[in-house]
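[1] I'd like to go over a predicted model; first the sequence, then the structure.
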Amino acid sequence: RWPQYSVWPKPRVARMAQFAFNPGVKTREAARAKAFVRFAPSNKDDQYRQLLDLARVSLIFANATLLRNGLDAIIDQFEVVAVHNYYNPQMASIVTHKRIDVYVVVQDDNMSFTPHICEIRLEELPFHLIQ
């Protein structure tokens, strides 16, 4: 088990990352609030099905070039269902720092559990440090 708020140096999924960071799973309270505010008004019965960031990990890169290479590596290794690019200039007033969120399907090698979606957040080191 990987302890919450700990780092993993040079993760295999993207060797160009300086480290992976475990922010922990989204808390039950945060998940309920997000589901209610963002999804309940239009889909009350299935509001929790829209949550894609319950399981999450951050990959931290030294610069934007390495981050882009890491994104390519993730796309090559996983079934990617969505990419949210917060580097866009239009997003500058909405998010406090630049990042890319990649949503991938995860399942163990034996296919012994139901696949689920995991958020992989790609960040440059300076933006990670200011959080």
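    Nice, thanks for sending it over. Remember, predicted model here, so these are calculated numbers, not experimental data. Numbering: from 1, shown residues only.
[2] Secondary structure element for the residue lying closest to residue 106 once chain neighbours are set aside, which one?
    The spatial neighbour of residue 106 that comes closest, neighbours along the chain excluded (CB to CB, 6 or more residues apart in numbering), is residue 118 at 4.6 Å. (C-beta placed from N, C-alpha, C; glycine too.) Under the criterion of DSSP states H and E, residue 118 resides in strand 116-124.
[3] what's the average pLDDT for that strand?
    Within the predicted structure, the mean pLDDT of strand 116-124 is 89.
[4] helices or strands up against that strand?
    In this structure, strand 116-124 packs against strand 55-61, helix 64-77, strand 100-106, with contacts taken as 3 or more CB pairs under 8 Å, 6 or more residues apart in numbering; DSSP states H and E.
[5] between the first one and strand 100-106, how big is the angle?
    It refers to strand 55-61. Computed by axes from the mean of the first three to the mean of the last three CA atoms, to 10 degrees, the angle separating strand 55-61 from strand 100-106 equals 130 degrees.
[6] which other residues reach the helix-or-strand element of the chain with minimal mean pLDDT?
    Lowest by mean pLDDT, DSSP states H and E among the helices and strands of the chain is helix 40-43, with a mean of 78. Residues outside helix 40-43 that contact it (CB atoms under 8 Å, 6 or more residues apart in numbering) are 47, 50.
[7] What is the neighbour count of the closest residue to residue 63 other than its chain neighbours?
    Counting by CB to CB, 6+ apart, residue 124 is the residue found nearest to residue 63 once chain neighbours are left out, at 6.3 Å. Other residues near residue 124 come to 19 when the count uses other CB atoms under 10 Å.
[8] quick one: residue 124 from residue 98, how far?
    The gap separating residue 124 from residue 98 is 7 Å, by CB to CB, to the nearest Å.
[9] on that earlier part again, buried residues in the least confident helix or strand of the chain, which are they?
    Buried residues in helix 40-43, counting neighbours by 16 or more other CB atoms under 10 Å, are found at residue 40.
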